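**Q** the following block contains a protein sequence and its predicted model.
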There are 2 protein chains.
Amino acid sequence: MSHMGNQLTSNVFKALGHPTRIQIIKLLRKGEQCVCDILPNLKSEQSNTSQHLTVLKNQGIVESRKDGSKVIYSIKNKEVYKMIDLVEAIILRQTEETKTSLTI
Amino acid sequence: MSHMGNQLTSNVFKALGHPTRIQIIKLLRKGEQCVCDILPNLKSEQSNTSQHLTVLKNQGIVESRKDGSKVIYSIKNKEVYKMIDLVEAIILRQTEETKTSLTI
DNA sequence: TTACTATATTAGCAATATCTAATATAGTAA
DNA sequence: TTACTATATTAGATATTGCTAATATAGTAA
């Protein structure tokens, strides 16, 4: 498993490197949702949201299917939730550390 | 744990979103290393490498200490290796899928 | 001191990402 | 057909990142 291009690896991380895209992923934790349900939860324009969804789709993080005139998105690789949990653990530890260094 | 700014979360992912930085993290899997040992393994210039190390340090992924005139870097949050493993699993699955769709 | 090694910082430019606004496409319904 | 809804795509402006080259800083050694 060790030899995979770091370019491919970093592309996936880069796709996760935007707050709106993280928010989309968290919205999909409840299950699949059409764009029309995702949109009102975000502050982004429709076209911008569509672009963010494309970025996530290109990296295999989400997938989509058509249902009539709607497009339904869902998480394709659930690993992404473990990754977010790990990052949040790092941030939490960093935050604690900062608090401590201020109190000492 | 649920309420953490997606901005903070995405900042960590963004720091992982560069092939050179992934390579640095993998180099540090063996243990702490001075910049002088990291440099020859990378294609980047010294100043560029220094900048990448700063990005990783700012997000709490690596830490550093001085040893004489050298600076020794090490992984601060080992979660990062789990994250890389998860991403590589995603990529592997994507690759298999592509192979399959070509063969069918 | 001077000279040297190791690393970081800065400035300016090139490359990439992001956003908005406009337009295109596809499905549905009248 | 027309009109409408849902989503995607494109173009162009702005913002951010990444790179190189030069310079700065700090430690060591003569």
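**A** That came through fine. Numbering: from 1, shown residues only, chains lettered A, B, ... in the order given.
**Q** can you tell me the closest non-neighbouring residue to A:K14?
**A** B:G17 (3.4 Å; C-beta to C-beta, 6 or more residues apart in numbering or on different chains). In this view, the C-beta of every residue, glycine as well, is placed from N, C-alpha and C.
**Q** quick one: contacts for the one you found?
**A** Going by C-beta atoms under 8 Å, 6 or more residues apart in numbering or on different chains, B:G17 touches A:10-11, A:13-14, A:16-17.
**Q** swap in A:K43?
**A** Contacts of A:K43 by C-beta under 8 Å, 6+ apart are A:T20.
**Q** among the contacts of B:G17, who's most crowded?
**A** A:L16 (26 neighbours; other C-beta atoms under 10 Å in any protein chain shown).
**Q** and the residue lying closest to that one once chain neighbours are set aside, what element?
**A** Distance criterion C-beta to C-beta, 6+ apart; nearest residue to A:L16, sequence neighbours excluded, is B:F13 at 3.9 Å. Using DSSP states H and E, B:F13 sits within helix B:6-15.
**Q** can you give me the offset of that helix from its chain's centre?
**A** With C-alpha atoms, centre = their mean, to the nearest Å as the basis, helix B:6-15 stands 13 Å off its chain's centre.
**Q** is any residue of it near DNA strand D?
**A** Yes - contact of helix B:6-15 with DNA strand D (C-beta under 7 Å from any atom of the strand) involves B:K14.
**Q** what is that helix packed up against?
**A** helix A:6-15, helix A:19-27, helix A:79-103, helix B:46-58 (3 or more C-beta pairs under 8 Å, 6 or more residues apart in numbering or on different chains; DSSP states H and E).
**Q** switch those over to CSV; also include distance to DNA strand C and mean pLDDT.
**A** Formatted as CSV, the helices and strands packed on helix B:6-15 follow (distance: least, C-beta to the nearest atom of the strand, whole Å; pLDDT from 0 to 100):
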stretch, distance to DNA strand C, mean pLDDT
helix A:6-15, 6, 98
helix A:19-27, 6, 98
helix A:79-103, 16, 90
helix B:46-58, 3, 98
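**Q** and those as TSV, adding distance to B:I38?
**A** Listed next are the helices and strands packed on helix B:6-15 as TSV, based on distance: least, C-beta to C-beta, whole Å:
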stretch	distance to B:I38
helix A:6-15	14
helix A:19-27	30
helix A:79-103	21
helix B:46-58	7
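**Q** tell me the bridge partners for the nearest residue to A:D67 once chain neighbours are set aside.
**A** Once flanking residues are discounted, A:D67 sits nearest to A:C34: 7.1 Å by C-beta to C-beta, 6+ apart. Taking DSSP bridges, one finds A:I72 as the beta-bridge partners of A:C34.
**Q** in chain A, which residue is most central in space?
**A** Among the residues of chain A, the one closest to the centroid is A:I22, at 3.4 Å (C-alpha atoms, centre = their mean).
**Q** thought it was touching A:I84?
**A** Yes - A:I22 is in contact with A:I84 according to C-beta atoms under 8 Å; the separation is 6.9 Å.
**Q** list residues touching both of the two?
**A** With C-beta under 8 Å, 6+ apart, A:I22 and A:I84 have common neighbours A:16, B:9.
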